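J.: Fold the following, please.
(one chain, ligands or ions: 1)
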Amino acid sequence: ASSARRHLSTAQSLPPTYEKLFNKYTEVRRVLGKQRLTLAEKILYSHLHNVEESLLSNTDNGRSIRGKANLRLNPDRVNMQDASAQMALLQFMSCNLARPAIPASIHCDHLIVGYKGAEGDLEAGIQTNKEVFDFLESAARKYGMDFWPPGAGIIHQTVLENYALPGLMMLGTDSHSPNAGGLTTITIGVGGADAVEALVGAPWELKAPKILGVELTGKLNDWVSPKDVILRLAGELTVRGGTGSIIEYFGPGVDTLSLTGKSTICNMVRSLLLLSSYLAEVGATTSIFPYTESSARYLEATSRSQAVRNIETLQKFPGSGADKDAYFRFSADEGAEYDKVIRIDLSTLEPYINGPFTPDLAIPLSKFKETVKDQQWPEKLSAGLIGSCTNSSYEDMTRVESLLKQAAAAGLKPSADFYITPGSEQIRATLERDGTLETFEGAGGIVLSNACGPCIGQWKRKDGVEKGTANAILTSYNRNFRGRNDGNPDTMNFLASPEIVTAMAFAGSTTFNPMTDAIKTPDGKDFKFSAPHGLEGPSTPFESGNESLRVLSQEADASAQVAISPTSERLAFLDPFPPFPGSDLSGLRVLVKITGKCTTDTISAAGPWLKYKGHLPNISTNTLNTAINAETGEVNAAYDLDGSKHTIPDLGQLWKDRGQEWLVVAEHNYGEGSAREHAALQPRYLGARIVLVKSFARIHETNLKKQGVVPLTFENEADFDKIAAGDQVSTVGLYEMLQNGGKGTVQVKVTKDSGEEVLIPTKHAVTKDQAGFILAGSALNLLSKGL
Ligand code: F3S
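T.: Next comes the predicted model:
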C-alpha cells in the first residue's frame, strides 16, 4: 500500500492525460504483483472501473485472468461513423442527458457514392443524404460532440490523425476501429448500443480476452509492404482457427515499420477474425503495436509534439511492474506469455493477393498467375482501387507515385480503371501540396472524395460492367466479401497492397507479376517496373486542408434542436421501451416457428435497408423477411389466428397494433453473423418478449437482453416439436428469476387451441446486470436511470 501511495503522489505531476492511467496501473500492479503482462493487458486493465472487482472475478486470486474475468472498463472516448451513429444517437437522446459522459465524435464517411471524382460525388452525396447529415450535425451541436462533415475523411484515418494516443482505450462503431492500434491505442469495434452505454458513462463489459502474439523479425523487402503482413496472417490464422481475441505484435521487426504501416496491419484484424468462431464467442477483438520511434515521428508530423513530450515525461517515472518501466514504454513485460505465438520473418515475406470473396484466401504473388489460370478466373483486370481507411497513408501514396512516374516516363497509362480514395482531408491536402495528386491525375487516375465509397459498395462503375457479369478487380481495401464493392456477386474482388494494385492496373491483367514481368510500351519496348519507394511521412508537417471540414471541442448547446422531420422516412425519434410487467408473462402467442439458419441478416437484412437504420418503424418492415417457416417451408410467411397469411413483419405489426405480444421459436445458433443491434431492436419494437431457440449466437443473445427481450433455450431440443405457431404461451418462474438477479429456472407453459397444456423446461444465461436490463425494459432504461 505504501508503494502504491508513493506512486500516486509521484503521479501528481504527470500530464493529465496519463495521470489517471498511471494511478490505475499502480492499482493493477498492487493486485497482480509482478505477474508479467502483455501490452494489451496493461492498457485494458488500466481502464478498469474497479480493478479488484474485475481482476479477482472468476479468477484464481488474479491468476488465469484471460477468458475468465469480467472486465468492466471505462473507455476514454467513442468514435462513430455516420451509418451506425444514427441509431446510437437516437438511443442516446432517449436518455435525456445534456452531454455524453466521455468525449465523442461523428464522422460522415459511409454515405458518399464514388463515381466521377471528388467534387461532383461529394455534392451529390450531400444532396441525397442531407437529412441524415443535418441530423448528425445538429445532434453533435446539442450534445457537444466533435463533428466531421462529409468530405472530412474516413473515420479510422481521422481518428488516427487526431484522437489515437498511446495507452488510451476507445470504442468505435465500426469493425475496422482497431486501426488506431498502430498508435498503441486499444480500440474496439462495437455496435451502437455498446457505444451508448459508454456515452452514458456506464462501464463497458468485456470478457478478459486471450492474447495472440505475433513476433516480427527482419525487415520488409522492396516490393513488400505492411499490407502483406496482414494478408499473409489472414491465410495463416484461418488455417489455425484464429484462436486469439487481441493480436499483439512484438519483436525487433516492429521497430522497422512505419506508424501508418502498423495501422494498416491493425485495421484488418476484424476482417480476418470475423472468420473465426472464437471471435463470435468473445464478441470483441482488436490489435495493437508497441510504441516505437516511428510512432513519435508520426505524432510530430500530425502536429502533436506535446503528446511526444508527455510520453517522454511518463517514461521517466519509476515503474512498478515485473519489468521496470515497461508499461511506460508501451510495450509488453519481458517474458510476457501469449496464448499462441505466430512468427513472421519480414525479410522472407513476399507480396500477397487475397481472394476472391474472402480475405483469408492468401495467395503469394509468385503463385497468383498459375492460380488464376488453374481456377479460370478472369485474366482481364477491370479496375484497380487504392486508398480507403486501410491504405491511404503518405507512405502508401508516395510509393505508388514512384511507380506512376516510372510508367509515365515510359509513355504508359493504366489499362484498367484506376481509382484513388484519400483517407482524410489532411492526407489529401498534403498529397496535393506535395504534387502527388497531380501525378495520380496525370496518370488518368480518378481521385474520389475522402470517404468510404467503393469500399462499402457506394460505387457507381463507369465501365458498364453489368450485374451478373464475371470480372476481376483489385483493391487495397480490407474486405472482399461477395458483392461488397459494386453489388455484383460475380465481381471477383482481390485484396493487395496499393503498389501491387497499381502496377497490375497498368498491365490490366490478373496474370501480371510486376516483380518479374514486363509490359509493352507504346513504342514496342519492354518496360519493367523498378521496386517502389516512398517517404514514411511528409518532410514538413501534414497540411490540414479545408478547415471548415471539422467542428471540434464544441460545448453542448441545450437550446439546439435535433433535426428530424416528422415526415422523414430515414429518421425517427425513439421512445424508451416499457419496463417488464410486475409478474410473469402471459397471453403471448408464437408469431412464427423458424427452421434452419437464422442469422442477424435474416432477422434484419442489410443492403437497401441500411438507408433506414435511423428509422426503427421503417426498418422493422424487414424483420425476419428471409426466415423459413418451419411448418410450411415458406419464406417470410406467418399465419394469423384466423388462418390468414401475412409476411412475418406484417403479422408482427398487426399484432403490435392489436397489443398482442409474441415470441419467436427457432433452431440452432440463432442470431449468428455480425453483431447487428437492429436484429434485437426490431423484434422488440414489434412486440417480441421472448425468443425461444435450440441455441444462440452469444453476441446476439446479449443484444436481446440489452433490449429487454428474454432469450431462452430448450432444455430438451426435442421440445421444439411440442410448440407451434399461434400457440398461447405464459412463463413460469421468469419474474422470480429476474428479481433474483438471474438465479432460478424458467418454464414455458404452452396452451394449444384444444386447451391441451404442455410445460417446457428452458435454460437461460441471464446475469444479475442483465436481469436488471430486462426488468427496466432495456439496458439503456436502467443505465440512464442511474445517472
Ligand atoms: Fe469505410 Fe471501408 Fe474503412 S467502409 S471505414 S473505408 S473499411
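J.: Which helix or which strand is home to I690?
T.: Assigned by DSSP states H and E, I690 falls within strand 688-693.
J.: Next secondary structure element downstream of that strand?
T.: Heading C-terminal from strand 688-693 (DSSP H and E), you reach helix 698-706.
J.: CA atoms only: put that next one into CSV for me.
T.: The C-alpha coordinates for helix 698-706 follow below in CSV (Å, rounded to 0.1, in the frame of the first residue of the first chain):
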residue,chain,number,x,y,z
ARG,A,698,-23.6,-15.4,-27.9
ILE,A,699,-23.4,-11.8,-29.0
HIS,A,700,-27.0,-11.7,-30.3
GLU,A,701,-28.2,-13.3,-27.1
THR,A,702,-26.6,-10.5,-25.1
ASN,A,703,-28.0,-7.9,-27.5
LEU,A,704,-31.5,-9.3,-27.0
LYS,A,705,-31.2,-8.9,-23.2
LYS,A,706,-29.9,-5.3,-23.6
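J.: so how far is R698 from the closest residue to the ligand within the stretch 301-450 of the chain?
T.: Across the stretch 301-450 of the chain, no residue is closer to the ligand than C389, which sits at 3.2 Å (CB to the nearest ligand atom). The way it works is simple: take the backbone N, C-alpha and C, and place the C-beta from them, glycine included. Applying CB to CB, to the nearest Å, the value for C389 to R698 is 28 Å.
J.: hmm, back to that, from the contact counts, what lies against the strand holding I690?
T.: Other elements packing on strand 688-693 under the criterion 3 or more CB pairs under 8 Å, 6 or more residues apart in numbering; DSSP states H and E are strand 588-595, strand 662-666, strand 710-714.
J.: which other residues reach the helix or strand following the longest one?
T.: Using DSSP H and E, the helix or strand that follows strand 588-595 towards the C-terminus is helix 600-603. Defining contact as CB atoms under 8 Å, 6 or more residues apart in numbering, one finds that helix 600-603 is touched by 623-624, 626-627, 671-676, 679, 682-683, 697, 700.
J.: burial measure for the residue of the stretch 551-700 of the chain found nearest the ligand, as a count.
T.: Nearest residue of the stretch 551-700 of the chain to the ligand (CB to the nearest ligand atom) works out as L610 at 11.6 Å. L610 has 16 neighbours, counted by other CB atoms under 10 Å.
J.: which ones are touching it?
T.: A83.
J.: Tell me where the model's unsure across the stretch 251-400 of the chain.
T.: 270-284, 318-325 (pLDDT under 70).
J.: hey, where'd the strands end up in it?
T.: Counting by DSSP state E, counting those that start in this stretch, the stretch 251-400 of the chain has strands at residues 286-288, 340-345, 352-354, 362-364, 381-387.
J.: Distance check, the residue of the stretch 301-450 of the chain closest to the ligand against T430.
T.: Taking CB to CB, one finds C389 at 17 Å from T430.
J.: what about V501, which SS state?
T.: Under DSSP: H, G, I helix; E, B strand; the rest coil, V501 falls in the helix class.
J.: Any idea which helix or strand in this structure has the lowest mean pLDDT?
T.: helix 277-282 (a mean of 36; mean pLDDT, DSSP states H and E).
J.: Write out the residues of this structure neighbouring the ligand.
T.: For the chain, the residues in contact with the ligand (CB under 6 Å from any ligand atom) are 109, 154-156, 174, 176, 388-389, 452, 455-456, 477-478.
J.: Is it possible to get these out as CSV so that each row also shows neighbour count?
T.: Shown next, in CSV, are these (neighbours: other CB atoms under 10 Å):
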residue, neighbour count
D109, 32
I154, 33
I155, 31
H156, 32
D174, 27
H176, 26
S388, 29
C389, 30
C452, 29
C455, 27
I456, 24
Y477, 30
N478, 26
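J.: Report the contact partners of S225.
T.: By CB under 8 Å, 6+ apart, the neighbours of S225 are G261, T264, P351, D396, R399, S497, P498, E499.
J.: list the contacts for the fifth one?
T.: The reference is to R399. S225, P498, E499, P532, H533, G534.
J.: how about the nearest residue to it, chain neighbours excluded?
T.: G534 (3.5 Å; CB to CB, 6 or more residues apart in numbering).
J.: In what element of secondary structure is the one you found found?
T.: G534 belongs to no helix or strand, assigned by DSSP H and E.
J.: still on that earlier bit, the residue of the stretch 301-450 of the chain closest to the ligand and H156 touch, don't they?
T.: Yes - with contact defined as CB atoms under 8 Å, C389 and H156 form a contacting pair (4.0 Å).
J.: shared neighbours of the two, anything?
T.: Common neighbours of C389 and H156 (CB under 8 Å, 6+ apart) are H176, N179, N267, G423.
J.: Any chance of those in TSV with secondary structure as columns?
T.: Formatted as TSV, those follow (three-state DSSP):
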residue	secondary structure
H176	coil
N179	helix
N267	helix
G423	coil
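J.: from these, which is closest to the ligand?
T.: Of the shared contacts of C389 and H156, the one sitting nearest to the ligand (CB to the nearest ligand atom) turns out to be H176, at 4.6 Å.
J.: pLDDT score for the residue nearest to I155 when sequence neighbours are not counted?
T.: Excluding its sequence neighbours, the residue lying closest to I155 (CB to CB, 6+ apart) is H107, at 4.0 Å. You'll see H107 listed with a pLDDT of 98.
J.: Now do the residue nearest in space to the middle of the chain, the pLDDT please.
T.: Using CA atoms, centre = their mean, the residue of the chain that lies closest to the mean C-alpha position is S175, 1.1 Å off. On the pLDDT scale, S175 is placed at 83.
J.: For G191, see how far away it is.
T.: 10 Å.
J.: do the same with D333
T.: 33 Å.
J.: So what's the residue count around Y249?
T.: Y249 has 27 nearby residues by other CB under 10 Å.
J.: what's near enough to touch it?
T.: Here Y249 is in contact with G213, V214, E215, L216, K262, I265, S287, I288, F289, P290 (criterion: CB under 8 Å, 6+ apart).
J.: likewise H668?
T.: Counted by CB under 8 Å, 6+ apart, H668 has contacts V693, K694, S695.
J.: Dump these to JSON lines, plus distance to K785 and pLDDT.
T.: As requested, the contacts of H668 are exported to JSON lines (distance: CB to CB, whole Å; pLDDT from 0 to 100):
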{"residue": "V693", "distance to K785": "30", "pLDDT": "98"}
{"residue": "K694", "distance to K785": "35", "pLDDT": "97"}
{"residue": "S695", "distance to K785": "32", "pLDDT": "94"}
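J.: how about JSON lines for the residues you listed, with neighbour count added?
T.: Shown next, in JSON lines, are the contacts of H668 (neighbours: other CB under 10 Å):
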{"residue": "V693", "neighbour count": "25"}
{"residue": "K694", "neighbour count": "17"}
{"residue": "S695", "neighbour count": "17"}
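J.: and which of the residues you listed is nearest to G62?
T.: S695 (32.7 Å; CB to CB).
J.: Skipping its backbone neighbours, what lies nearest that closest one in space?
T.: H668 (4.8 Å).
J.: what about the one you found, which helix or strand?
T.: Counting by DSSP H and E, H668 is found in no helix or strand.
J.: Could you check the pLDDT of it?
T.: Taking H668 on its own, its pLDDT is 94.
J.: and what of K34?
T.: 87.
J.: can you count the residues close to it?
T.: K34 - counted by other CB under 10 Å - has 11 other residues nearby.
J.: in what helix or strand does it lie?
T.: For K34, there is no host helix or strand (DSSP H and E).
J.: Turn the contacts of H668 into a markdown table, including distance to F506.
T.: Compiled in a markdown table, the contacts of H668 are given as follows (distance: CB to CB, whole Å):
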| residue | distance to F506 |
| --- | --- |
| V693 | 53 |
| K694 | 54 |
| S695 | 51 |
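J.: out of these, who's nearest R36?
T.: S695 (37.3 Å).
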